[in-house]
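Asks: Sequence unavailable; structure follows:
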């Protein structure tokens, strides 16, 4: 080693390799880019609190129903008891459930917002998620405010069985009441939005936005291909494919979501 040079210890996690383009990214740069790869624009999944911070004006988000927690109505056990799974994920994520709801402001526009958390059993929908989504719709009606829902979910939570499945009807009915009241419902689909969530409140928006490259659908492509015995089109179930086929109104880069939502609210007179 040349005189005057020294080894520099790089802290663990300071650099990460992009899962899509394999480029090495300085973590601070990734955070500054809202967790979007600066080389290939891959949109990484982010937790609900990070998303809330990105979308809302600083310090304006006020959470409600934060105390609600799932129970174990079926006393369900797969690899581990459901109660232990809940305890573990609460400890790991710092959250009590897979969705956060509250009131906030986006560029000065008041909204009721729900944000799903992929780090909580992959944003799966059980009784509490259904209750909080329905309550958010009811609050939007009461306060005559737009409802903005950011979805990210693997679908209904199997550990709650039928209790989970009926949340599809419950949330859909709540969104129908919002529609009857003349409310504005904006959905932002993120990767992934699938199964029971996609088959209920995620696809009922007055305006449906999506982040680039998000997987959107009901069953997975492998299941569909095996069922219909056919080769699926290129890009099947991506946000861009859904836009082309009329299921999404606009694909919006993460850095532009705040402005786009504010613009929609102004355009709709809410």
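Replies: Okay, I see it. The shown structure was predicted, so the numbers you read here are calculated from the model rather than taken from an experiment.
Asks: Need the contact partners of the helix or strand that contains residue 139.
Replies: Element membership for residue 139, per DSSP states H and E: helix 127-143. The contact list for helix 127-143, computed with Cβ atoms under 8 Å, 6 or more residues apart in numbering, reads 64-65, 68-71, 73, 97-99, 101, 103, 110, 112-114, 116, 145-147, 149, 157, 160, 163-164, 166-167, 170-171, 173-175, 177-178, 181, 183, 185, 201. The way it works is simple: take the backbone N, C-alpha and C, and place the C-beta from them, glycine included.
Asks: So what touches the helix of greatest length in the chain?
Replies: Counting by DSSP state H, the longest helix found in the chain is helix 161-180. Applying Cβ under 8 Å, 6+ apart, the contact partners of helix 161-180 are 73-74, 76, 124-127, 129-131, 133-134, 137-138, 140-141, 147, 156-158, 185, 196, 199-201, 204, 206.
Asks: So for stretch 86-97, what gets flagged as buried?
Replies: Along stretch 86-97, these residues count as buried under the neighbour rule (16 or more other Cβ atoms under 10 Å): 86, 89, 93, 95-97.
Asks: Who are the packing partners of the helix-or-strand element of the chain with minimal mean pLDDT?
Replies: Least confident helix or strand, the chain: helix 221-228 with a mean of 84, by mean pLDDT, DSSP states H and E. If you count contacts as 3 or more Cβ pairs under 8 Å, 6 or more residues apart in numbering; DSSP states H and E, helix 221-228 packs onto no helix or strand.
Asks: How about residues contacting stretch 100-110?
Replies: Contacts for stretch 100-110 (Cβ under 8 Å, 6+ apart): 48-49, 52, 55-57, 60-66, 111-115, 117, 132-133, 135-136, 139, 143, 145-146, 148, 258-259, 261-262, 265-266, 270.
Asks: May I have the distance across stretch 109-129, first residue to last?
Replies: This stretch, stretch 109-129, spans 25 Å end to end (Cα to Cα, to the nearest Å).
Asks: List buried residues within the contacts of stretch 100-110.
Replies: Buried among these by 16+ other Cβ under 10 Å: 48-49, 52, 55-56, 61, 65, 111-115, 117, 132-133, 135-136, 139, 145-146, 148, 258, 261-262, 265, 270.
Asks: The closest residue to residue 17 other than its chain neighbours: how many residues sit nearby?
Replies: Spatial nearest neighbour of residue 17, chain neighbours left out: residue 24 (5.8 Å); criterion: Cβ to Cβ, 6 or more residues apart in numbering. For residue 24, the count of nearby residues is 9 (other Cβ atoms under 10 Å).
Asks: The helix holding residue 139 vs helix 161-180, what angle?
Replies: 10 degrees (axes from the mean of the first three to the mean of the last three Cα atoms, to 10 degrees).
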